[in-house]
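Enquirer: Provided below are the primary sequence and the corresponding predicted coordinates.
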Amino acid sequence: MKAVEVRELVKDYGKLRALKGISFEVEEGETFGLIGPNGAGKTTALRVIATLLQITSGSVSVFGYTLPKEAGEIRKIISYLPEEAGAYKNLTGMEYLRFIAKFFGEGQKFRDMLRRGVEIANLGERINDKVDTYSKGMTRRLLVGRALMTNPRLAILDEPTSGLDVVNAQEVRKLINTAVQSGTTVLLSSHNMLEVELLCHRIALINDGIIIAIGTAEELKSRFSARNIEEAFVKAIT
Amino acid sequence: MINNIVKKEFKELFTLSTFLPIAVIAVVFGYVGHTVGNVGEAMQQKPVIGIVDRDKGEFSGIATSVVAHGAEVIYSGDDVDEGLREAREKSGTAVLVISEHFSEDIGAGQPGKIEIYWIMRGAGIMDSVSSGTLERLIEEMNREISESLIREGGSSDASLVLNPTTRFETTFFKGKKIVGLSPSILSNMLMSQSVAIPIVIMMLIILAGTSVISSMGLEKENKTLETLLTLPVKRNQIVLGKIIGSALVGMILAAIYMMGFSRYMKAFQLGDINLAQFGLDLGVTDYVLVGISLFVALLAELSLCIVLGTFAKNYRSAQALVFPITVLAMLSMFVTMLKDFDTVPVALRIFVFAIPFSHAMMAMRALMLDNYPLVLAGIAYAAAFTAIMVLVAVRVFNSDRLIIGSGVAKTVGDGFVARLLAGR
């Protein structure tokens, strides 16, 4: 079964067409990256798949559930990490994880989820401090813990390392890899070409609401006779 | 240089969203002031009364001439019922009945008896102006009789000279016949029992409304809303959860406020008033209705606030969105205190009724006067308003609006802003 199937997806914001009929598929268990410059339509595509935005035309399905009819079912199996997301500042890290986990299970399942969240966030004793006191890196780790603790079938991560220093970014990448190894499918967006090359099994190059090319990093580099993905992307759009 | 900064500040601050609420409020307050009326003007107007003179003696002549000079007499005859009917038809204030042996009693050293049958239409501050004017006229009448007694040297009884008449008052109010009370005393009694309610409800409305709108603003500012909307929870549960959570916060804050305020209000009470003897007490059912009325009013307000909250971009803009709610709450409070719902002009009545939390402010006084239809209609309206607003909120939560707001630029990512800044 395909984890994600997007067919001729169009998304309009009033008169502005943000997505101009994009199509792609994500296989179960793979890490799929959408890369492109700011304003290319990456976030819009992820928000549509995450059930946040309505479809103008085309179709989207996640593990066989179609949008918008089965949005409720999709929400049970996905986890969405928005770019620059925050947590409730008056809650402690632990309270925040508990708040989220309650939507996904109870009893032992809830306790396991919470334990996993604490492990992934790896904040030590600070997990019991208010989110308000966290650094950007700590907040991001908490949010990654939140996103992955539910063992989602599909994790949708929008710029997962955006704004993080090298050490924190590397840690988050490790967490994503671990989640994939335990069976989670990951769909992520980034404008960090190196990161995408490191993390993703396959990559879609997106620019101005159109997908220009899809393939593995090696395939794309070879197709555009480029030394790296960044060069391949530049050649693809020129 | 400074011009450039002033121009920029003006453009940033003077937007349609800051201008429009103030303009609307100015118009609404102006209209309310115009329709409720002016106390000074109302005091200048002659009270409309009926006179029944059963004495037709020397002192009753003085009394009727003073009253006839200062009031518009629409009935002058012998039949009290006929006088009351005329007064009711012509928006009269009262019927004065001068007793049979009025002059004889005064001449014999006894105060002359005057029966006053008041027709009271409302218990608001503005509603008692005409009865107050008539009371002053009766004082003037007493003074004239006193002067006559002094001039003629007919009495050495200082007490009689100072108080030559004695009153027996009956007030007809909302179908009730209340013996022994004038409208001003009755109005004061009702006010002292129910004036705290609109003030506390106003505070509750503002505090709870601020909580829910701020919660929406904070969700956007802290960027937690997107996560919340992708969790496996129905939109209507998110909306109701926010409403109930904010209602609890609002009620706790209002309870704290009420504790202080009730002690403050006690300073203005004359003593324990037993309204039961006048049939103006509340039973268990009435208190339950007041509670239901308050609860649905709060739900209605919060459901309106959550719809307003969807327009909040951040915590600061959420605070600005509370302003219209604050004004509506204050408006309801002032109108409720100044006038009875039945006595305000129809257009204002419709406007006040349309404010879903105004009914809770009126409920207690309305129930004291057995005006159940008003309270029940208010509850039904607020419940229907809540249902509609929750549906609207759920619809908004299901749309793109919460995520992308109203600006298209916001939807295409920060890249555009970054490029704009680079161009700078």
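Expert: Received it, and whenever you're ready, just let me know what you need.

Enquirer: where along chain A do the helices fall?
Expert: Ranges of helices in chain A, per DSSP state H, are A:42-49, A:71-77, A:93-101, A:107-121, A:136-148, A:166-181, A:193-199, A:217-223, A:229-237.

Enquirer: right, is the first one up against chain B?
Expert: Which is helix A:42-49. Yes: applying CB under 8 Å from any CB of the partner chain, one finds helix A:42-49 in contact with chain B at A:K42, A:T43, A:T44, A:R47. For the C-beta atoms, the positions are set from N, CA and C on the backbone; glycine is no exception.

Enquirer: Kindly report the same for the last one.
Expert: No: against chain B, helix A:229-237 shows no contacts by CB under 8 Å from any CB, the least distance being 14.2 Å.

Enquirer: What parts of chain A come near chain B?
Expert: For chain A, the residues in contact with chain B (CB under 8 Å from any CB) are A:13-16, A:18, A:37-39, A:42-44, A:47, A:50-54, A:72, A:75-76, A:78-82, A:84-89, A:100, A:103-104, A:143, A:146.

Enquirer: filter those residues to the buried ones?
Expert: Buried residues within the residues of chain A next to chain B, counting neighbours by 16 or more other CB atoms under 10 Å in any protein chain shown: A:13, A:18, A:39, A:42-44, A:47, A:50-53, A:75, A:78-82, A:85-89, A:100, A:104, A:143, A:146.

Enquirer: All the helices of the stretch 301-424 of chain B, residue numbers only.
Expert: B:315-338, B:346-354, B:358-368, B:372-398, B:401-404, B:408-411, B:415-423 (DSSP state H, counting those that start in this stretch).

Enquirer: for the third one, packing partners?
Expert: Packed against helix B:358-368 by the contact rule (3 or more CB pairs under 8 Å, 6 or more residues apart in numbering or on different chains; DSSP states H and E) you find helix B:183-194, helix B:196-221, helix B:284-309, helix B:315-338, helix B:372-398.

Enquirer: mean pLDDT for the helices of the stretch 301-424 of chain B: which is lowest?
Expert: Least confidently modelled of the helices of the stretch 301-424 of chain B is helix B:408-411, at a mean of 44 by mean pLDDT.

Enquirer: Tell me how far A:V26 lies from A:K89.
Expert: Separation of A:V26 from A:K89 (CB to CB, to the nearest Å) stands at 34 Å.

Enquirer: Quick check: whichever residue of chain A sits closest to chain B vs A:N207, distance?
Expert: Chain A approaches chain B most closely through A:N38 (2.1 Å), counting by CB to the nearest CB. Using CB to CB, A:N38 is found at 11 Å from A:N207.

Enquirer: ditto for A:Q170
Expert: 28 Å.

Enquirer: swap in B:R85?
Expert: Distance, B:R85 to A:N207, using CB to CB: 86 Å.

Enquirer: which of those two has more neighbours?
Expert: A:N207 (18 against 15; other CB atoms under 10 Å in any protein chain shown).

Enquirer: Next one: the more buried one, what pLDDT does it get?
Expert: Reported pLDDT for A:N207: 90.

Enquirer: again with the one 5 residues further on
Expert: Here, the pLDDT recorded for A:I212 equals 91.

Enquirer: Number of residues surrounding it?
Expert: A:I212: 18 neighbours (other CB under 10 Å).

Enquirer: go on, the one 5 residues further on?
Expert: When neighbours are counted by other CB under 10 Å, A:A217 registers 20.

Enquirer: residue contacts, it?
Expert: A:V196, A:E197, A:C200, A:I203, A:I229 (CB atoms under 8 Å, 6 or more residues apart in numbering or on different chains).

Enquirer: One more: B:V249?
Expert: B:V249 neighbours (CB under 8 Å, 6+ apart): B:L207, B:A208, B:S211.

Enquirer: tell me which element it falls in.
Expert: In the assignment (DSSP states H and E), B:V249 maps to helix B:235-266.

Enquirer: Then B:E226?
Expert: helix B:225-229.

Enquirer: Could you give the separation of that helix from the chain centroid?
Expert: 40 Å (CA atoms, centre = their mean, to the nearest Å).

Enquirer: same deal with stretch A:139-146?
Expert: The answer for stretch A:139-146 is 13 Å, by CA atoms, centre = their mean.

Enquirer: could you give me the average pLDDT of that stretch?
Expert: 90.

Enquirer: which parts of the stretch 251-400 of chain B sit against chain A?
Expert: Close to chain A, as judged by CB under 8 Å from any CB, the stretch 251-400 of chain B has residues B:S399, B:D400.

Enquirer: Contact partners for the residue in the stretch 1-150 of chain B positioned nearest to chain A?
Expert: Residue nearest to chain A within the stretch 1-150 of chain B: B:L16 (18.3 Å; CB to the nearest CB). Contacts for B:L16 (CB under 8 Å, 6+ apart) come out as none.

Enquirer: about what we covered before: dump the contacts of A:A217 to CSV, plus pLDDT.
Expert: Shown next, in CSV, are the contacts of A:A217 (pLDDT from 0 to 100):
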residue, pLDDT
A:V196, 87
A:E197, 85
A:C200, 92
A:I203, 93
A:I229, 86
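
Enquirer: Who is the residue positioned nearest the centre of chain A paired with across the strands?
Expert: The centroid of chain A falls nearest to A:L157 when counting by CA atoms, centre = their mean (1.5 Å). Assessed by DSSP bridges, A:L157 has beta-bridge partners A:L81, A:L188.

Enquirer: How about the contacts made by it?
Expert: A:Y80, A:L81, A:A147, A:I176, A:V186, A:L187, A:L188, A:S189.

Enquirer: So what's the residue count around residue 71?
Expert: Just going to use chain A. 19.

Enquirer: try chain B instead
Expert: 23.

Enquirer: how about it, phi and psi?
Expert: When read as degrees, to the nearest 10, the backbone of B:A71 gives phi -130, psi 170.

Enquirer: Tell me the pLDDT of it.
Expert: At B:A71, pLDDT is 85.

Enquirer: before we move on, what about B:A276?
Expert: In this prediction, B:A276 has a pLDDT value of 67.

Enquirer: one step back: out of the helices and strands packed on helix B:358-368, which comes closest to B:K90?
Expert: B:K90 sits nearest to helix B:183-194 of all those, at 17.3 Å, using CB to CB.

Enquirer: which ones are touching B:Q319?
Expert: So B:Q319 contacts B:T210, B:I213, B:S214, B:G217 (CB under 8 Å, 6+ apart).

Enquirer: could you check the distance from the second one over to chain A?
Expert: The gap separating B:I213 from chain A is 17 Å, by CB to the nearest CB, to the nearest Å.

Enquirer: my guess is A:R173 meets A:T161, correct?
Expert: Yes: with contacts counted by CB atoms under 8 Å, A:R173 reaches A:T161, the gap being 6.7 Å.

Enquirer: Now do the shared contacts for these two.
Expert: By CB under 8 Å, 6+ apart, the residues touching both A:R173 and A:T161 are A:E195.

Enquirer: which of those two has more neighbours?
Expert: A:T161 (23 against 16).

Enquirer: Per-residue pLDDT of the more buried one, please?
Expert: 86.

Enquirer: Please name the nearest non-neighbouring residue to it.
Expert: Distances taken as CB to CB, 6 or more residues apart in numbering or on different chains place A:A169 nearest to A:T161, at 3.8 Å, with adjacent residues excluded.

Enquirer: how much space between the one you found and A:L16?
Expert: Look at A:A169 and A:L16: by CB to CB, they are 32 Å apart.

Enquirer: try B:N188
Expert: 64 Å.

Enquirer: what residue ranges in the stretch 51-200 of chain B score low on pLDDT?
Expert: For the stretch 51-200 of chain B, residues meeting the criterion pLDDT under 70 lie at B:125-126, B:154-156, B:192-194.

Enquirer: Can you name the residues of it sitting close to chain A?
Expert: Counting by CB under 8 Å from any CB, no residue of the stretch 51-200 of chain B sits close to chain A.

Enquirer: Alright, I will stop here.
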